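Visitor: Sequence first, then the predicted structure, then my questions.
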Amino acid sequence: MNISKDLKELIDANVISTEIAGKIDSYYKSKESTSTNKLFIVFGVLGALLVGLGIILILAHNWDNLPKLIKTTLAFIPLLIGQLLCGFTLLKKSKNVAWRESSAVFLFFAVGSSISLVSQIYNIDGDIASFTITWMLLCLPLVYLLKSSVVSLLYIIGITFYAGKVGYWSYPRAESYTYWLLLLLVMPHYYLLFKNKPKSNFFIVHNWFIPLSILYALGTIANNYEEIMFVAYLSLLGIYYLVGNSNFCNNQKLRNNSYLIIGSLGTIGMLLSLSFSWYWEDLLDIEFTFNTINNFAEVIATSVLFITALVLLIKQFQKKSIKQSTLIEAAFLLFTISFFIGLKLFLPIIFINLLIFLIGILTIRKGEQKNHLGILNYGLLIITTLVVCRFFDTDLSFVLRGLLFVSVGVGFFITNYWMLKKRNKNEK
């Protein structure tokens, strides 16, 4: 498409004025400039990654044949090159995003390779967890000195790996409280992205990485009363959903609203797992008294998350009518009530199944009100998944189970047909 030629044609036909044509031409040129900058950033980062990996492969191939002095020198060469590149960027290319990101990424991997190579050359003892935390702390200044969002994302991946290594994969297990401090250290950069570049791709990707990282690491604090962590998880997912329902996030495209997607899918997934009997049977067997548990980390974390979610829920209901609710945002509160009832009775399992069913119905209703097939089918999918869960969890005959599936399938067809028919009618 030749925009200049088309604009000239429109001017000659007196469709638009020369002034308007100039504004249109400037607009498309600015878009092309932005697109080019993004490509430079992507290719710059990829280039830095490929160069770093290429150096590692070349050294690895000939490593055993090299003297110790040469090995040590080679271990520090990538680090020196990375520092020189970052110094040049700060002095000469500080406003060039592509230079900042690519040089920071190169130095990030140079630091990691230098640490591991020196440890290997001189047989320095250590484990993967201590290596990771040292690497991340040494590279954290790059996030702020070079304003590198790519290094920020790599840092989040690194500390998340550290949390999993210490809290899930090590024996004996240890609480990875250090993770939370490491996460706080990168949050100012996230806040600056929110304030200065709320529509940038870097901010959108951070919106996925940070909540998923927190969700993954939350379980590492469980030690004594793991059953209460379900309250913590649902409270955290409730916070995500409520944040995703805020005015700021609602103005974004759905695929960019990570908090809403994670909060909704996570809440439904947790409730579906809790619709089976295993959890409630275990809950009846534990002795749960306030005097014995009030100092445990999982109880403190659960309390903080629950109170935060409750405050956000109250604020949402002050701004929006309760009738607009789909119950997902209040699922954490309803489950917490069920949790304390479940310490004495087995009844909450029935309530959880009814809650999932109601969420499905209200989601279908919301889809119908907004004339949105995606939301409508999401509600139908919730009910279908609940039916599938009960298919494997009940003693119903195969005939009744088959009828249930047929009913749900017919429901899918009828609701979608009715919605499409309604949409076509409104368009006429």
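Guide: Ah, there it is.
Visitor: Name the residues of stretch 122-129 that are buried.
Guide: Neighbour counts over stretch 122-129 (16 or more other CB atoms under 10 Å) mark Ala129 as buried. The way it works is simple: take the backbone N, C-alpha and C, and place the C-beta from them, glycine included.
Visitor: So what touches that stretch?
Guide: With CB atoms under 8 Å, 6 or more residues apart in numbering as the contact definition, stretch 122-129 has outside contacts at 118-119, 162, 165-166, 170.
Visitor: Same list (these) but as CSV, adding secondary structure and pLDDT.
Guide: What follows is the contacts of stretch 122-129, written out as CSV (DSSP: H, G, I helix; E, B strand; the rest coil; pLDDT from 0 to 100):
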residue, secondary structure, pLDDT
Val118, helix, 85
Ser119, helix, 84
Tyr162, helix, 93
Lys165, helix, 89
Val166, helix, 88
Ser170, coil, 72
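Visitor: Those residues, buried ones only, as a PyMOL selection?
Guide: Buried members of those, defined by 16+ other CB under 10 Å, are picked up in PyMOL with:
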select buried, resi 162+165+166
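Visitor: which of the contacts of stretch 122-129 sit farthest apart?
Guide: Val118 and Ser170 (24.1 Å; CB to CB).
Visitor: Would you state the predicted confidence (pLDDT) at Gln83?
Guide: Looking at Gln83, its pLDDT is 93.
Visitor: ok, for it, nearest residue in space, not its chain neighbours?
Guide: Leu107 (6.4 Å; CB to CB, 6 or more residues apart in numbering).
Visitor: Mind telling me what element that neighbour is part of?
Guide: helix 97-121 (DSSP states H and E).
Visitor: From Trp278, how far out is Val387?
Guide: 19 Å (CB to CB, to the nearest Å).
Visitor: neighbour-wise, which of the two wins?
Guide: Val387 (16 against 10; other CB atoms under 10 Å).
Visitor: which SSE is the more buried one in?
Guide: Per DSSP H and E: helix 373-391 holds Val387.
Visitor: and what of Ile214?
Guide: Secondary structure from DSSP H and E places Ile214 in helix 201-218.
Visitor: Report the buried residues of that helix.
Guide: Here helix 201-218 shows 202-207, 209-218 as buried, counting by 16+ other CB under 10 Å.
Visitor: Quick check: which ranges of the stretch 1-150 of the chain have low pLDDT?
Guide: Applying pLDDT under 70 to the stretch 1-150 of the chain flags residues 1-7, 10, 15, 23, 25-45, 48-49, 51-65.
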